[in-house]
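Engineer: starting from these lines, generate the structure:
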Amino acid sequence: MAMTDTEFHRLADEMFGEIDNAVERAIDEQDADVDIDASGNVLQLSFEDGSQIVINKQEPLHEIWIATKFGGFHFNYTDGKWLDTRNSLEFMPFVIDSIKKQSGIELDI
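Structural biologist: Model (predicted):
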């Protein structure tokens, strides 16, 4: 059965909240310089070197997209998990790895 827009927003909002809480807690513990800005359908992580990771909801496709300095990635909700549409990587481990690759900050979540 196809996901409704309401279900998509609930699931995506849960993931945004998880990122915000987990990343913020890990950043506080490490005293890392990362700004987190949540606005509407977009969650933006800004790093000390000026680079950013932008995570946004794509409602028409029911996907979450991530833009990093090494590429753009699309995640679809499948079997209870947000998975990369190209290589089936799970969303949260991917975000943690992306933060490490982009900023050198290793988050212990």
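
Engineer: going forward, measure contacts between C-alpha atoms and count neighbours the same way
Structural biologist: Fine.

Engineer: tell me the mean pLDDT for the longest helix seen in the chain?
Structural biologist: Counting residues, the longest helix in the chain under DSSP state H turns out to be helix 5-30. Model confidence over helix 5-30 averages 86 on the pLDDT scale.

Engineer: report all helices and strands that that helix contacts.
Structural biologist: Helix 5-30 is packed against strand 34-39, with contacts defined by 3 or more C-alpha pairs under 8 Å, 6 or more residues apart in numbering; DSSP states H and E.

Engineer: other residues contacting the strand it packs on?
Structural biologist: Strand 34-39 is contacted by residues 20, 24, 27, 43-48 when judged by C-alpha atoms under 8 Å, 6 or more residues apart in numbering.

Engineer: show the low-confidence segments of this protein, by residue range.
Structural biologist: Judged by pLDDT under 70, the chain has its weakly predicted residues at 1, 109.

Engineer: now for the contacts of strand 34-39, which pair is the farthest apart?
Structural biologist: The most widely separated members of the contacts of strand 34-39, counting by C-alpha to C-alpha, are 20 and 48 (17.7 Å).

Engineer: okay, the two: which has more neighbours?
Structural biologist: residue 20 (17 against 11; other C-alpha atoms under 10 Å).
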